[in-house]
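Chemist: build me a structure from this.
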Amino acid sequence: MELTSALYLIPVNISNAPLRDTLPDGNLDILRQLRHLIVENIRTARRFLKKCDPSFDIGAVTFYELNRHTDLSEVSSYLEPLRRGEAVGVMSEAGCPAVADPGALPVSIAQREGLKVVPLVGPSSILMALMASGFNGQGFSFNGYLPIEAKEREKKLRDLEALSRRCDMTQIFIETPYRNNKMVECLARTLKGDTLLCVACDITDPEHETIVTQPASRWKNTRYNFDKRPAIFLIYASK
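Modeler: As a prediction, this is how the structure comes out:
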């Protein structure tokens, strides 16, 4: 496939599963041709490219780093090759760019300027967790991280539970992996007993993937260990 001038959004694998199980070959064909990449971390981006193709010419690629240390006023300049008619890629650390990811900024700039944006197929832990939860996939909301302070977090959870019940919406959020077990404890303690809670952990990992849905009351007596594992949390309170 010959590249056109566009901002290509490049998904990255979210587990140690073989790349052929999570990413289409067409993505790799596009990657091999890109000479400008916006990435969150250059070192891990290089490692991923070599994993995709050991013969990948890393030296031919110009990398632009976009993370919490980046001066956001510089991001527009990352798209100069695109404005000249070249192709530029945006690559996440894991999963899909611009979804719970800083890659949304260059996409926003490209859209504002009428530049072509091409999203590629790849794993999204948020959508895959929703698919496997058994919850409402017609109405849902991703809420990112919840407050860290205990009282604020409990209030937020009750608000999300009430919203789920009132609007028939699945509520989705994430946590820093080392606090996952505490999150489950908080959910089981705070939610009403019949509210459903799904914990989706290590999605796409052939050995460790765990996706469990059950009422909050049952989670109180369930043995689990989700700490230090990438996880998605979903709650659904039916009317």
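Chemist: please make it C-alpha for all contacts and neighbour counts, starting now.
Modeler: Fine.
Chemist: in the longest helix along the chain, what's buried?
Modeler: As assigned by DSSP state H, the longest helix anywhere in the chain is helix 150-167. For helix 150-167, the neighbour count (16 or more other C-alpha atoms under 10 Å) marks Arg153, Glu154, Leu157, Leu160, Glu161, Ala162, Leu163, Ser164, Arg165 as buried.
Chemist: for Ala98, state which of those residues is nearest.
Modeler: Nearest to Ala98 out of the buried residues of helix 150-167 is Leu160 (C-alpha to C-alpha; 23.5 Å).
Chemist: what sits against the residue nearest the centre of the chain?
Modeler: Nearest to the mean C-alpha position of the chain, by C-alpha atoms, centre = their mean, lies Gly95 at 4.8 Å. Contacts for Gly95 were tallied using C-alpha atoms under 8 Å, 6 or more residues apart in numbering; they are Pro11, Val12, Asn13, Ile14, Gly122, Pro123, Ser124, Ser125.
Chemist: could you check how far it is from Met169?
Modeler: From Gly95 across to Met169, the span is 23 Å (C-alpha to C-alpha, to the nearest Å).
Chemist: ok, Met183 to Ala129 distance?
Modeler: 17 Å.
Chemist: before we move on, what about Val212?
Modeler: 10 Å.
Chemist: and the angle from the helix or strand following the longest helix of the chain to helix 150-167?
Modeler: Going down the chain from helix 150-167, the next helix or strand is strand 170-174, by DSSP states H and E. For strand 170-174 against helix 150-167, the angle by axes from the mean of the first three to the mean of the last three C-alpha atoms, to 10 degrees is 150 degrees.
Chemist: rewinding a little: can you pick out the most distant pair from the buried residues of helix 150-167?
Modeler: Maximum distance among those (C-alpha to C-alpha): 18.4 Å, for Arg153 and Arg165.
Chemist: in this structure, what residue spans correspond to strands?
Modeler: 7-10, 36-39, 62-65, 88-91, 117-119, 140-145, 170-174, 196-201, 210-215, 231-236 (DSSP state E).
Chemist: make TSV out of those and add distance to Arg46.
Modeler: Formatted as TSV, the strands of the chain follow (distance: least, C-alpha to C-alpha, whole Å):
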stretch	distance to Arg46
strand 7-10	14
strand 36-39	10
strand 62-65	9
strand 88-91	11
strand 117-119	21
strand 140-145	27
strand 170-174	27
strand 196-201	26
strand 210-215	29
strand 231-236	25
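Chemist: could you dump those to JSON lines with mean neighbour count?
Modeler: Formatted as JSON lines, these follow (neighbours: other C-alpha atoms under 10 Å):
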{"stretch": "strand 7-10", "mean neighbour count": "26"}
{"stretch": "strand 36-39", "mean neighbour count": "24"}
{"stretch": "strand 62-65", "mean neighbour count": "18"}
{"stretch": "strand 88-91", "mean neighbour count": "26"}
{"stretch": "strand 117-119", "mean neighbour count": "16"}
{"stretch": "strand 140-145", "mean neighbour count": "14"}
{"stretch": "strand 170-174", "mean neighbour count": "22"}
{"stretch": "strand 196-201", "mean neighbour count": "24"}
{"stretch": "strand 210-215", "mean neighbour count": "17"}
{"stretch": "strand 231-236", "mean neighbour count": "25"}
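Chemist: out of the ones you listed, which gets nearest to Asp29?
Modeler: strand 7-10 (11.4 Å).
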